[in-house]
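Novice: Would you be able to build a 3D model of this:
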Amino acid sequence: MTQYTDLQLDALRELANVGSGTASTALSSMLGRSVDISVPHAYVLPMADAVAEVGDPEADATGVVLGVVGDMGASVLLLFSPSDAAQMCALLGVEAGTEIGDSALMEIGNIMGASYLTALGMMTGMALEPTPPAAATDMLAAIVETVLAERAGAGDIALLLDSQLAVEGSDASVSFLLVPDAGGVDQLLARLGL
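Specialist: Sure, this is the predicted structure:
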């Protein structure tokens with residue numbers, strides 16, 4: 001397994017912190033409420049362990065995924081529990097589980113993902129563009145495994161930069177993950193001089 005130093009993992013967490021802060025500001029503007037972020041985690045794990053790190057593999061979830069193109073391939077993944085999806089949709093005046101509800105969650109993903117990638121690009125000098133979002137509701141393991149398998153390529157190691165964003169005055173939160181392609185972590189670290 002690829003090993004990273006504490007300094008490298010700290011640098012990745014700081015990238016996630018700045019990106020998540022920018023994404024939370026965008027979500028706050030969209031919802032008209034404050035959004036708090038947790039201290040991000042940086043995990044470099046075997047694929048099987050990465051799925052378990054995200055949450056209960058059998059729990060239902062709605063995932064919004066955006067591909068990332070440019071200087072580094074990656075995926076941005078937002079994960080909503082059924083109650084979080086319902087609350088986020090309600091804050092926007094739409095019903096979860098409907099076409100317009102899914103569209104609202106994809107727009108949240110689009111705005112947050114683009115904001116996160118803009119901040120990441122500014123910090124690293126990398127050109128990073130999101131692809132249009134897609135949404136799926138399934139078991140958490142199915143959503144996460146699909147994204148990780150696509151990004152890991154031939155490797156069995158996944159990097160997760162995981163942040164929790166909580167909306168003020170509600171129980172709504174979203175898990176925000178950046179999953180770079182195999183080799184993407186080294187690209188990010190190289191841009192940071194590590």
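Novice: What segments of the chain are strands?
Specialist: 35-37, 41-46, 60-70, 74-80, 128-130, 134-139, 157-167, 173-180 (DSSP state E).
Novice: For those strands, give me TSV that also has mean pLDDT and distance to A96.
Specialist: For glycine as for every other residue, the C-beta is placed from the backbone atoms N, C-alpha and C. Output for the strands of the chain, formatted as TSV (pLDDT from 0 to 100; distance: least, Cβ to Cβ, whole Å):
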stretch	mean pLDDT	distance to A96
strand 35-37	86	19
strand 41-46	78	27
strand 60-70	93	8
strand 74-80	88	9
strand 128-130	94	23
strand 134-139	93	9
strand 157-167	78	14
strand 173-180	83	13
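Novice: Which one of the ones you listed lies nearest to A114?
Specialist: Nearest to A114 among the strands of the chain is strand 128-130 (5.3 Å), distances taken as Cβ to Cβ.
Novice: now that closest one: how far from the chain's centre is it?
Specialist: Its chain's C-alpha centre and that of strand 128-130 lie 13 Å apart, by Cα atoms, centre = their mean, to the nearest Å.
Novice: Contacts for it, please.
Specialist: For strand 128-130, the surrounding residues in contact (Cβ atoms under 8 Å, 6 or more residues apart in numbering) are 66-72, 74, 76, 110, 113-114, 117-118, 120-121.
Novice: Help me confirm that L15 comes into contact with L161.
Specialist: Yes. L15 lies in contact with L161 (Cβ atoms under 8 Å); the separation is 7.0 Å.
Novice: Can you pick out the residue with more neighbours from these two?
Specialist: Legend: neighbour count by other Cβ atoms under 10 Å for L15 and L161, higher for L161 (26 against 23).
Novice: count of neighbours near the nearest residue to L160 once chain neighbours are set aside?
Specialist: Among residues not flanking L160 along the chain, Y43 sits closest, at 4.4 Å (Cβ to Cβ, 6 or more residues apart in numbering). Using other Cβ under 10 Å, Y43 has 16 other residues around it.
Novice: about what we covered before: quick one: closest of the strands of the chain to I100.
Specialist: Once those are compared by Cβ to Cβ, strand 134-139 is nearest, at 11.9 Å.
Novice: contact partners of that closest one?
Specialist: Taking Cβ under 8 Å, 6+ apart as the rule, strand 134-139 contacts 57-66, 85, 97, 102, 105-106, 109, 143.
Novice: Filter the residues you listed down to the buried ones and hand me the ChimeraX line.
Specialist: To isolate the buried ones among the contacts of strand 134-139 in ChimeraX, judged by 16 or more other Cβ atoms under 10 Å, type:
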select :61,62,63,64,65,66,85,102,105,106,109,143
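Novice: Look up how far V185 lies from the closest residue to A86 other than its chain neighbours.
Specialist: Counting by Cβ to Cβ, 6+ apart, A86 lies nearest to A96, which is 4.2 Å off, once chain neighbours are set aside. For A96, the distance to V185 equals 34 Å [Cβ to Cβ, to the nearest Å].
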